[in-house]
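Trainee: Need a 3D model of the sequence below.
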Amino acid sequence: MTLVGGGALPDGDLAAALALAPTCVAVDGGADAVLAAGVSPAAVIGDMDSISEGALARIPADRQHRIAEQDSTDFDKALRSIAAPLIVAVGFCGLRIDHQLAAMHTLVMRPDVTCLLVGAEDIIFLCPRQLRIPMAPGTRVSLFPMGAVTGRSEGLTWPIEGLQFAPDGVSGTSNRATGDLMLEMDAPAMLCLLPRRFMAAVAEILQALPEPARWPARAAPRRAPQAS
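Mentor: So this is what the prediction gives:
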């Protein structure tokens, strides 16, 4: 499934995503970009505070899924509302940095959802328990922890085994492959950033991951009861 947000959507991004994931779902204001490209979205999900009135009028009411709460982003609302073996997300990188950071945060909070964020230069995804990617020597491989995590690697110039990764500690920016890449992680907290040319290959690999290599859903956070 292709998921389209209201962020930067360079020419060709939507077509490239739809070639991998033909069903299109728009997230709030992303519907305007989808309709402008001549694509009719199967659904629009979000709080509907960014979509234009003109776009709303062109989308059948039964395809509009309004989720009014403001405790989560529209990207999170979409990921928790759809089921697909792979989600290719475009329009979530670029323009506003806070929106891009929120999208990366959501990848970590929804580890059971197989999602590939596509930007102008990079693809971003949550490292599964184990991952193997054919890769040429010299390829840039960046690993950024969104929580405490350790791992093991093969095919990196600077191996990661024994490192204690954390957002306020060690990160793995701009490592380089020495050949085919293998990564193992002990927690669903490491983002992998690769050059965009790996979009199709990584999408196929993530979609085909066996169940033992995937992460389960996080337990829902406990909320304090509301006062009567």
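
Trainee: what stretches of this structure score poorly on pLDDT?
Mentor: For the chain, the stretches flagged by pLDDT under 70 are 220-228.

Trainee: All the strands of the chain, in order from the start?
Mentor: Listed in chain order, the strands of the chain (DSSP state E) span 2-4, 24-27, 43-46, 64-66, 87-90, 115-118, 122-126, 130-133, 140-145, 151-156, 172-185, 190-195.

Trainee: Please report the distance of the closest residue to Trp158 other than its chain neighbours from Gly94.
Mentor: Distance criterion C-beta to C-beta, 6 or more residues apart in numbering; nearest residue to Trp158, sequence neighbours excluded, is Asn175 at 5.4 Å. (Glycine included, C-beta is placed from N, CA and C.) Distance from Asn175 to Gly94, counting by C-beta to C-beta, to the nearest Å: 24 Å.

Trainee: Leu18 contacts Met1, correct?
Mentor: No. With contact defined as C-beta atoms under 8 Å, Leu18 does not count as touching Met1 (10.0 Å).

Trainee: the more surrounded of those two?
Mentor: Met1 (22 against 19; other C-beta atoms under 10 Å).

Trainee: what are the ranges of the helices in the protein?
Mentor: Assigned by DSSP state H, the chain shows helices spanning 13-20, 30-36, 53-58, 74-79, 97-109, 199-207.

Trainee: Using PDB, write out every CA atom in the second one.
Mentor: Going back to what we said before, that points to helix 30-36. What follows is helix 30-36, C-alpha atoms only, in PDB (Å, rounded to 0.1, in the frame of the first residue of the first chain):
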ATOM      1  CA  GLY A  30      -1.800  14.400   1.100                       C
ATOM      2  CA  ALA A  31      -5.100  13.900  -0.700                       C
ATOM      3  CA  ASP A  32      -4.600  17.100  -2.500                       C
ATOM      4  CA  ALA A  33      -1.300  15.900  -4.000                       C
ATOM      5  CA  VAL A  34      -2.800  12.500  -4.900                       C
ATOM      6  CA  LEU A  35      -5.700  14.100  -6.700                       C
ATOM      7  CA  ALA A  36      -3.500  16.600  -8.500                       C
END
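
Trainee: sorry, back to before: wait, what's in contact with the residue nearest to Trp158?
Mentor: Asn175 is in contact with 140-143, 156-158, 160, counting by C-beta atoms under 8 Å, 6 or more residues apart in numbering.

Trainee: Let's see that with 6 Å instead.
Mentor: Asn175 is in contact with 141, 156, 158, counting by C-beta atoms under 6 Å, 6 or more residues apart in numbering.
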